[in-house]
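Chemist: Show me how the following folds:
(chains A and B)
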Amino acid sequence: QKEVEQNSGPLSVPEGAIASLNCTYSDRVSQSFFWYRQYSGKSPELIMSIYSNGDKEDGRFTAQLNKASQYVSLLIRDSQPSDSATYLCAVTSGGSYIPTFGRGTSLIVHP
Amino acid sequence: EADIYQTPRYLVIGTGKKITLECSQTMGHDKMYWYQQDPGMELHLIHYSYGVNSTEKGDLSSESTVSRIRTEHFPLTLESARPSHTSQYLCASSEYGTEETQYFGPGTRLLVL
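Modeler: Numbers count the residues shown, from 1 in each chain, chains lettered A, B, ... in the order given. Okay, the predicted model is just below:
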């Protein structure tokens, strides 16, 4: 069974710091990797997607993928209280392309 | 903003009632999904569809059924609601391909008394 593991947290960081969120996955043939943000009581929304090894930057967000080690991470620079949410890692593999979601990591950015 | 809609947004219903949760998307996406999520808990995939006349069961055993007669519409039906069905139900859609970002609807919060 495909597994996606995340530390449930909460991860607490001060405002302005870098928040680092990690995700590991079990299926070696996974191809697509996504980070979703979910505010309490709301639906998930896409933050970043990454498909190749290395880093991908979008504003304050950087996704990092290492397929050899089977992990993907999300860095949030200059964290803001508005970044406080649960961050879901999702992984899809070839064939069905049905994503497997992790449990999510709760991030708290305190002023 | 994603064009995916769910109705009703909130529903309180008695045990034994039949209910249908509606989901529609205007993006022309072939793939659609239903997830169940309890507060603060993980997403559980209960049904998905690759396109018209395609329906598949997800990882979570569910007493619900789905249909996909039109591309834009993916309703979920509970024949006999029970208190254990109390949860939030999220509908999502995505395009075919390797870059399959999912777009989620606002969700339906169901309370079965």
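Chemist: which bits of chain B sit near chain A?
Modeler: B:31, B:33, B:41-43, B:45, B:48, B:58, B:90, B:96-107 (Cβ under 8 Å from any Cβ of the partner chain). No exception for glycine: its C-beta is placed from N, CA and C like everyone else's.
Chemist: Filter those down to the buried ones.
Modeler: Buried residues within these, counting neighbours by 16 or more other Cβ atoms under 10 Å in any protein chain shown: B:31, B:33, B:42-43, B:45, B:48, B:58, B:90, B:100-105, B:107.
Chemist: Inside helices: which ones of these?
Modeler: With helices defined by DSSP state H, no entry of those lies inside them.
Chemist: Sort these by pLDDT and name the bottom one.
Modeler: The member of these with the lowest pLDDT is residue B:100, at 78.
Chemist: got the contact list for that residue?
Modeler: A:32, A:92, A:97, A:99, B:31, B:94 (Cβ atoms under 8 Å, 6 or more residues apart in numbering or on different chains).
Chemist: and what of residue B:68?
Modeler: Counting by Cβ under 8 Å, 6+ apart, residue B:68 touches B:32, B:49, B:51, B:52, B:53, B:54, B:55, B:74.
Chemist: secondary structure class for it?
Modeler: With DSSP: H, G, I helix; E, B strand; the rest coil as the basis, residue B:68 sits in coil.
Chemist: How about it, nearest residue that isn't a chain neighbour?
Modeler: Nearest residue to residue B:68 in three dimensions, chain neighbours excluded: residue B:49, at 4.4 Å (Cβ to Cβ, 6 or more residues apart in numbering or on different chains).
Chemist: hang on, the earlier thing: got a winner among the contacts of residue B:100 for most neighbours?
Modeler: Compared across the contacts of residue B:100, residue A:99 has the highest neighbour count, 27 neighbours, by other Cβ atoms under 10 Å in any protein chain shown.
Chemist: Check the gap between the closest residue to that residue other than its chain neighbours and residue B:113 for me.
Modeler: Counting by Cβ to Cβ, 6+ apart, residue A:90 is the residue found nearest to residue A:99 once chain neighbours are left out, at 4.3 Å. Separation of residue A:90 from residue B:113 (Cβ to Cβ, to the nearest Å): 34 Å.
Chemist: Check residue A:73 too.
Modeler: Note on residue A:73: its distance to residue B:113, by Cβ to Cβ, is 43 Å.
Chemist: Those two: who's more crowded?
Modeler: Each of residue A:73 and residue B:113 has its neighbours counted (other Cβ under 10 Å); residue A:73 has more, 19 against 10.
Chemist: Going along the chain, name the strands of chain B.
Modeler: B:4-7, B:10-13, B:19-25, B:31-37, B:44-49, B:56-57, B:64-66, B:76-78, B:87-94, B:103-104, B:108-112 (DSSP state E).
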